[in-house]
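Trainee: Just a sequence and a predicted model for now, questions to come.
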Amino acid sequence: MAMPRTGKQGRNGQSMAREGVWEYAPAPESRDVVRIQSRYELFIDGAFTPPRSGRYFPNVNPATEETLSEVAYADAEDIDRAVQAARRAYETVWGNLSGKERAKYLFRIARILQERAREFAVLESLDSGKPIRESRDVDVPLAVAHFFYYAGWADKLGYAFHGRIPRPLGVAGQIIPWNFPLLMAAWKIAPALACGNTVVLKPAETTPLTAMLLGEVFQQAELPPGVVNIVTGDGHTGAMLVQHPNLDKIAFTGSTEVGKQIQKAVAGTRKRLTLELGGKAAHVIFEDAAIDQAIEGIVNGIYFNQGHVCCAGSRLLVQESVADLVVRKLQRRLARLRVGDPLDKNTDIGAINSLPQLRKIERLVAIGVQEGAMLYQPDCALPSRGYWYPPTILTQVSTAHTVAQEEIFGPVLSVLTFRTPDEAVQIANNTRYGLSAGVWTNKGSRSLEFAARVRAGVVWCNTYNKFDPASPFGGYLESGFGREGGWHGLAAYVEL
Ligand code: ADP
């Protein structure tokens, strides 16, 4: 597909071309560490089995448009088989197993995942388009850390709830998106298993491969059959899973729109629900902030992950007195980001996950420009095949603009300005979401005051996008409810 080359002028009319940028020799990670199968079956009852539907769908590398594999499409009968297997495993093995024994399996899974980390990182980058630096240094280590963390809780649940006795819920249906395929699977599976539940997991249609590799890890760890089942497919598959009557819990991470549909479908049933939905995070820079560090934080918060995170710092709120300086420095930094081969260790920005997602980004940026925002994109060469979008800054944005309200989910930063701390809070809270926010200032009192007044599940101070399995994550408002991670994450999988 031909991609737009969008070399633009800097704000002051100077060329922001890549002059002075050192070109590195290519440093691609080898693909040979992972064996991609020509076809992936469903993982049900401990075995890889063909779908009753007889259908498969292609799985594409978004950086090249090459077909990597074909993946089983689960229909209602397949979902039913998976749920029955999970129920059987819950009733006959897992639900009655001591916490100490469950912990052993989780530790084993964590260790195997760690041993096979390179394989997972390469597969994740091939399937999702994210740079290997992110999958290798963020996604995979955090997934491992989640299994280790919740393994540690499995035999201590009796002490977690102040004398109240936790019991597992039963069988959980878990639906995850494409932005952190392996990590989201770990976030969902590890606490569920630690608390004694069994699982049917539905990965996103564009990124199922690391979940299937995780199925192999479960076999290697000799996890009892049926404790985790993985069904692949699209939104219909997800909807069928949500509607299955024999589930006790639904956990969903994805768009607010689908989250609302799921909430309706679950209303009036016995199913417990947690939703982690969209976000439109405000990243606030006060004039007293360490500007250069803040620039790195902003770049890390939105560009290094193609903006493919629900907590992406996609709205930059800068105090007016430093706005020009911040934008100028950001433009300079953007001109030096390397966009390209996700497997190259020097790549900063990888591919957009799918063609529909690319089209959505293009549409929203066009709306932003129509509504009066000023567009800046550095003059970076984009590969001729695959789904690519250059790092983008939209300035002169106000809260009424679509780009300040809609989740873009791409490497696009909308810049707004404010004069006083009150105004910063007001603009930050002017959104239907409330997942995360960031604040940069050298005054501790100012960051604490901002953190107390902004409606967001996570507020990062003088840093951004830092995760730890011990720290809970989740949203307010239309960003959903329930927390994942930490002690709080246990509460989503137990009855007290
Ligand atoms: P995104 O916009 O981030 O792609 P979606 O909410 O569309 O997120 O998808 C997230 C996950 O939800 C994917 O696994 C997708 O297949 C699944 N999904 C999509 N529609 C539905 C639905 N109506 N019910 C249940 N799951 C769904």
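Mentor: All right, it came through fine. Numbering: from 1, shown residues only.
Trainee: and the residue in the chain positioned nearest to the ligand, what helix or strand is that in?
Mentor: The nearest approach of the chain to the ligand comes at G238, 2.2 Å away (C-beta to the nearest ligand atom). Backbone N, C-alpha and C define where each C-beta goes, glycine included. G238 belongs to helix 235-243 when assigned by DSSP states H and E.
Trainee: which residues in the stretch 351-496 of the chain form strands?
Mentor: In the stretch 351-496 of the chain, the strands defined using DSSP state E, counting those that start in this stretch lie at 374-376, 392-395, 412-418, 436-440, 458-461, 480-481, 494-495.
Trainee: a markdown table for these, including distance to L214?
Mentor: Formatted as a markdown table, these follow (distance: least, C-beta to C-beta, whole Å):
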| stretch | distance to L214 |
| --- | --- |
| strand 374-376 | 40 |
| strand 392-395 | 34 |
| strand 412-418 | 31 |
| strand 436-440 | 26 |
| strand 458-461 | 26 |
| strand 480-481 | 24 |
| strand 494-495 | 23 |
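Trainee: what about stretch 410-429, start to end distance?
Mentor: Taking C-alpha to C-alpha, to the nearest Å as the measure, stretch 410-429 stretches 21 Å from start to finish.
Trainee: An error on my part: the question was meant for stretch 450-467.
Mentor: Counting by C-alpha to C-alpha, you get 20 Å between the two ends of stretch 450-467.
Trainee: May I see the buried residues of it?
Mentor: Neighbour counts using 16 or more other C-beta atoms under 10 Å place 450, 454-462, 464-465, 467 of stretch 450-467 among the buried residues.
Trainee: Ok, stretch 205-224 next?
Mentor: For stretch 205-224, a neighbour-count test (16+ other C-beta under 10 Å) marks 205-215, 217-218, 221, 223-224 as buried.
Trainee: what's the helix or strand containing F43 packed up against?
Mentor: Following DSSP H and E, one finds F43 within strand 42-44. Using 3 or more C-beta pairs under 8 Å, 6 or more residues apart in numbering; DSSP states H and E, the elements in contact with strand 42-44 are strand 47-49, helix 76-92, helix 209-220, strand 228-230.
Trainee: Briefly note if the helix or strand of the chain with the lowest mean pLDDT comes near the ligand.
Mentor: Least confident element among the helices and strands of the chain, by mean pLDDT, DSSP states H and E: strand 480-481 (a mean of 84). No. Judged by C-beta under 6 Å from any ligand atom, strand 480-481 and the ligand are separated, with a smallest distance of 11.4 Å.
Trainee: Give me the spatial nearest neighbour of V412, chain neighbours excluded.
Mentor: Nearest residue to V412, sequence neighbours excluded (C-beta to C-beta, 6 or more residues apart in numbering): T392, at 4.5 Å.
Trainee: contacting residues around the one you found?
Mentor: Counting by C-beta atoms under 8 Å, 6 or more residues apart in numbering, T392 touches 365, 375-377, 410-413.
Trainee: what's the farthest-apart pair in the residues you listed?
Mentor: Largest separation among the contacts of T392 by C-beta to C-beta: Y376 and G410, giving 14.6 Å.
Trainee: Those residues of the stretch 201-350 of the chain touching the ligand, which are they?
Mentor: Contacts of the stretch 201-350 of the chain with the ligand, taken as C-beta under 6 Å from any ligand atom, map to 202, 204-205, 234-235, 238-239, 242, 254-255, 258, 261-262.
Trainee: top of those residues by neighbour count?
Mentor: K202 (28 neighbours; other C-beta atoms under 10 Å).
Trainee: now that residue, nearest residue through space, not along the chain?
Mentor: Counting by C-beta to C-beta, 6+ apart, K202 lies nearest to I175, which is 4.7 Å off, once chain neighbours are set aside.
Trainee: try R167
Mentor: Distances taken as C-beta to C-beta, 6+ apart put E495 closest to R167, at 4.8 Å, once the chain neighbours are dropped.
Trainee: Contacts only, for W178.
Mentor: Per C-beta under 8 Å, 6+ apart, neighbours of W178: 128, 204-207, 308, 353-354.
Trainee: can you do 10 Å?
Mentor: 62, 127-130, 184, 203-208, 254, 308, 353-354, 357 (C-beta atoms under 10 Å, 6 or more residues apart in numbering).
Trainee: In a helix, it, correct?
Mentor: No. Counting by DSSP: H, G, I helix; E, B strand; the rest coil, W178 is not part of a helix but coil.
Trainee: Let me know the pLDDT of the residue lying closest to L337 once chain neighbours are set aside.
Mentor: Spatially, and ignoring its direct neighbours in sequence, L337 is nearest to D348 (4.4 Å; C-beta to C-beta, 6+ apart). pLDDT recorded at D348 is 95.
Trainee: Surely D348 and P391 touch.
Mentor: Yes. At 8.4 Å, D348 and P391 qualify as touching, with contact defined as C-beta atoms under 10 Å.
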